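Participant: fold the following, please.
(chains A and B)
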Amino acid sequence: MVKVFIDGAPIEVPAGSSALQACEAAGKEIPRFCYHERLSVAGNCRMCLVEVVNAPKPVASCGFPVGEGMQILTDTEKVRRARRAVMEFLLINHPLDCPICDQGGECDLQDQAYGYGSGVSRYEEEKRAVTDKNLGPLVKTVMTRCIQCTRCVRFCTEIAGTPELGAVSRGENLEITTYVEKALTSELSGNLIDICPVGALTSKPGAFQARPWELKKTDAIDVMDAVGTNIVMQVRGGEVKRIVPRVNDEVNEEWLSDKGRFSVDGLKHRRLDRPWVRVHGKRQAVSWQDAFVAVAKRLEGVAGDRIGAIAGDLCDAESMTALRDLMSALGSENIDCRQDGAIYDLSDRARYTFASGIVGIEDADALLIVGAVPRHDAPVLNARIRKRYLAAGRGGFPIGVIGAQPSDPTWGYEAVGDGPAALNGLLDGSNPFAAVLKAAKKPMIILGHGALTRKDASAIQSSVWKLAEEVGAVGPDWNGFNILHTAASRVAGLDLGFLPGKGGRSVAGMLKGGVEVLWLLGADEFPVGEIGPDTFVIYQGHHGDAAAARADVILPGAAYTEKSGTWVNTEGRVQQSFQAVFPPGEAREDWRILRAFSDVVGYRLPYDTIESLRARMASINPVFAGGVALAGTGQAAQGGEIDGAEPFRVPVQSYYLTNPISRASETMAECARVYGPVAAIAAE
Amino acid sequence: MNLPVPGNPDKVQPDSFAFDATSEVEIAKALARYPAERKASAVMPMLYIVQDQMGRLTGSAWIPVVAMDEIARRLEIAPIRVYEVASFYFMYNRNPIGTYHLQVCTTTSCWLRGSDDVVAACKKATGISNFGETSADGKFTLTEVECLGACSNAPILQVDNDFYEDLDGPRTEALIEALRRGERPEPGPTIDRCGSAPEGGRRTLLEDAVAVAGIPQGQG
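Facilitator: Residues are numbered from 1 along each chain as shown, chains lettered A, B, ... in the order given. Model prediction:
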């Protein structure tokens, strides 16, 4: 620790801190544009000037390391004059278009101009103008507003791992551009909008939609992948206008994937806003009561084991609990939350979650990825892998991959194999990467759904677990055996035991006439066409997607923005999300629909409030009340034979179109068109 | 981007680029100067190699985008990093230029010594009306440059990589006519002087240096 004096007050900061960090620690706000705590220091905006006693001139505090006994003055006349001069230079070429700028109201330049700007400009020459760049369907550019802080260049290069933006030319002609016109290929490109301190990079789909001060903000959890990114939903006029990330260093730092940010317009399209019942082959809009009666009538006389339920990828834990209780009241053991048919080892919670935690990636010193594509499965988690990869330096964080990766996964890796056969090579040590894993102190293995959705998933898990034990990835101090989930609802479903009971049927068993009545809770990503022709299908969900088209009864539910809910992310972190808007039309919160329906069939679910429902969840698994999770909720992997010949398939086919909301989003459709469904995937 | 090639407006950026054998020899030399893991440092010599090759093979020493992409591939860096460097320095031509690149220094020393006449002569002899333009015959591109560091021989005109010094209007025109004929006059001062030595020969230290200081007489 180093002792420094900020405006006379002593404070201890770690050696190697910058003057700016020391000032922040002392509670002094230092204005800045180019400095960002998660990016490298550029030191080119000069706004953070402070005075250091005995230094001949003001210093840029962001890049100035502190020394023992250093006296820093943050608010002297000299400092203020210097900052005013910097601001005057920045404003020379900045347009005065705040009234039509989407950044207005949350613009660093605007805010700081209040403090350091002059009322009049002394500049009488021509202002410079810069042509706008086309960066693709997500990021809008007004490059004349750019103050060349290069945050976006550093973000692309360092965090996103797609170095496409650069500062081209120099001096007055310097421009931020891709040089060759191309759309940004990062799945994290929306974060450029957040880090841009001015209005040069703004949201293209959200352009001119709302002013920041008009938006009502609600904390929520992103459901587009299983990372559980903390988000803020910003609402105006009963409509979620935009979604931005919330800082949570343990989960998403301050990033959000493009799907989570830009799928928001999908919430307006193809919505189910009233109950429908199919009568004589034709669907009719009906009242809730009539819809319930139609279902209840069909259920009459149907044996419990002829009824089934499937929970989709976006479901909250509350609605899954209610559906699970309803099904068991109806005498059914046929429930399943694994619509992709994945097989998990449920004997231990650590074996079906990302056990090391997302932060654990930063401790790992070797990584093996089996059947996962982190860049598409979980872009924000992938940024953490890249962070670790960069922090470790050249060769410091060896990554081995079994299975295909995008042409640029944003980190360097060694291809260990393309199918499960490669695991044998690692187990018997014939593959050189086995030695790398063994030599590592904290080796990590990420097992993805490219492996878990195969028929031989049990056998693969057994041998990966064996490998993990052999290389020391699982031990008392370190658990680096990680499952990378892709569905936001999955871990909660597994924690709640939303799984076939004794003799119960799994998803595959419920299809092809396996059950007579099938209740789909937002489930669209299973082979809907394989539902038996005589099966009575109830679709409870928010979007008219594949399954709703097949349904006999549609019960309109709430999307994740429209209900308070609990989600458990891939690492098993239980997080709660709040309701931002009301569901459209007659749609209702899903657990309330199930609760109301239970009354109609005469098995009233024993909870009337969300609190009592959450108490019920906690009684199933204490983890929902912040307690210790149940060790396991199901059976261990069964072992079996590995089908060595078949390579791992790519789990997420088109990153932008994985769930009913993103498929209803015009922005995501445009992204899928621009970026191509599988163009980025190249078999190694 | 995609500026037409002079004299052939339909031709824009080429679709492909490959280094020839001469360039490969130069690349090997350039890469040998840096440690293998720091080979990105060779980006600047590589850009010159491209420019020289283009001049050699097409008569227009410029750097197409595909060539910058090829450099990025060779050096294992992102293409944008090459674009940044190439666009930062004036000496890299990112658009096609004429066979001869006339670079006139108009900074203070040259200007005081008559660079305006040199510019006027260049324009007159080539038919170019503005800086940055290429003559109609595609032979000359005229560029205004900042100080070339040859102030003692001002005014100066740099043709490709050669300095022609101590120019005036008529001598500039004569030089351009010679270039047009395909000659390459000897670079250096165009008046009677050796390097930066005084015109017409030495003016100081005229005594026998050996007699004065007992040291061998130098070149002055």
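Participant: any low-confidence regions in the chain?
Facilitator: Answering for chain A, as no chain was given. A:651-653, A:677-684 (pLDDT under 70).
Participant: wait, chain B
Facilitator: Short version for chain B, where the test is pLDDT under 70: B:1-11, B:208-220.
Participant: quickly list the domain ranges of it.
Facilitator: For chain B, automatic domain parsing gives the domain ranges B:21-88, B:100-189.
Participant: let's have these in JSON lines, adding mean neighbour count.
Facilitator: Yep, even glycine has a C-beta here, placed from its N, CA and C like the rest. As requested, the domains of chain B are arranged in JSON lines below (neighbours: other C-beta atoms under 10 Å in any protein chain shown):
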{"stretch": "domain B:21-88", "mean neighbour count": "18"}
{"stretch": "domain B:100-189", "mean neighbour count": "18"}
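Participant: mind putting those domains in a markdown table, distance to chain A included?
Facilitator: Listed next are those as a markdown table, based on distance: least, C-beta to the nearest C-beta, whole Å:
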| stretch | distance to chain A |
| --- | --- |
| domain B:21-88 | 4 |
| domain B:100-189 | 11 |
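Participant: want to throw those domains into a markdown table with distance to A:L314?
Facilitator: Shown next, in a markdown table, are those (distance: least, C-beta to C-beta, whole Å):
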| stretch | distance to A:L314 |
| --- | --- |
| domain B:21-88 | 36 |
| domain B:100-189 | 57 |
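Participant: please verify my assumption that A:T144 contacts A:V130.
Facilitator: Yes - checked against C-beta atoms under 8 Å, the pair A:T144 and A:V130 is within contact range at 5.0 Å.
Participant: list the residues that contact A:R46.
Facilitator: With contact set as C-beta atoms under 8 Å, 6 or more residues apart in numbering or on different chains, A:R46 has these partners: A:A60, A:V86.
Participant: thought A:T321 was touching A:R616?
Facilitator: Yes - between A:T321 and A:R616 a contact is recorded at 6.1 Å, counting by C-beta under 8 Å.
Participant: just to revisit the earlier point, looking at the domains of chain B, spot the one closest to A:L605.
Facilitator: Closest to A:L605 of the domains of chain B is domain B:21-88 (C-beta to C-beta; 56.4 Å).
Participant: A:T321 and A:R616: which has the busier surroundings?
Facilitator: A:T321 (29 against 18; other C-beta atoms under 10 Å in any protein chain shown).
Participant: which ones are touching the more buried one?
Facilitator: A:L496, A:W591, A:L613, A:R616, A:M617, A:I620.
Participant: now the third one, nearest residue through space, not along the chain?
Facilitator: Read that as A:L613. Spatially, and ignoring its direct neighbours in sequence, A:L613 is nearest to A:Y607 (4.3 Å; C-beta to C-beta, 6 or more residues apart in numbering or on different chains).
Participant: what about the one you found, distance to A:M617?
Facilitator: 10 Å (C-beta to C-beta, to the nearest Å).
Participant: pick out whichever of those two has more residues nearby.
Facilitator: Between A:Y607 and A:M617, A:M617 has the larger neighbour count (other C-beta under 10 Å), namely 25 against 20.
Participant: which residues are contacting the top helix by length along chain B?
Facilitator: Across chain B, the longest stretch assigned as helix under DSSP state H is helix B:43-58. The list of residues contacting helix B:43-58 from outside it, by C-beta under 8 Å, 6+ apart, reads B:17, B:19-20, B:22-23, B:26-27, B:30, B:33, B:60-64, B:67-68, B:70-71, B:74-75, B:77, B:81-82, B:85-86, B:89, B:92-93, B:160.
Participant: up against chain B, what does chain A have?
Facilitator: Contacts of chain A with chain B, taken as C-beta under 8 Å from any C-beta of the partner chain, map to A:157, A:163-170, A:178-181, A:394.
Participant: out of these, which two sit at the greatest distance?
Facilitator: Farthest pair in those (C-beta to C-beta) is A:E181 and A:R394. Separation: 32.6 Å.
Participant: those two: which has the busier surroundings?
Facilitator: For A:E181 and A:R394, the more surrounded residue by other C-beta under 10 Å is A:E181, and the numbers stand at 11 against 8.
Participant: excluding residues flanking it in the chain, which one is nearest that one?
Facilitator: That would be A:N134: by C-beta to C-beta, 6+ apart, it lies 5.7 Å from A:E181.
Participant: could you do A:P95 as well?
Facilitator: Nearest to A:P95 is A:T144, by C-beta to C-beta, 6+ apart, at 5.3 Å.
Participant: quick one on the thing from earlier: can you report how many residues neighbour the residue nearest to A:E181?
Facilitator: Neighbourhood size, A:N134 [other C-beta under 10 Å]: 13.
Participant: ranges for the helices of chain B?
Facilitator: For chain B, applying DSSP H gives helices covering B:21-32, B:43-58, B:65-75, B:79-88, B:108-112, B:115-126, B:169-180, B:209-213.
Participant: and the third one, what does it pack against?
Facilitator: In this case it means helix B:65-75. Here helix B:65-75 touches helix B:43-58, helix B:79-88, going by 3 or more C-beta pairs under 8 Å, 6 or more residues apart in numbering or on different chains; DSSP states H and E.
Participant: so what's the backbone phi/psi at the nearest residue to A:P163 once chain neighbours are set aside?
Facilitator: Once flanking residues are discounted, A:P163 sits nearest to B:A78: 3.6 Å by C-beta to C-beta, 6+ apart. Torsion angles at B:A78 (phi, psi; degrees, to the nearest 10) stand at phi -70, psi 140.
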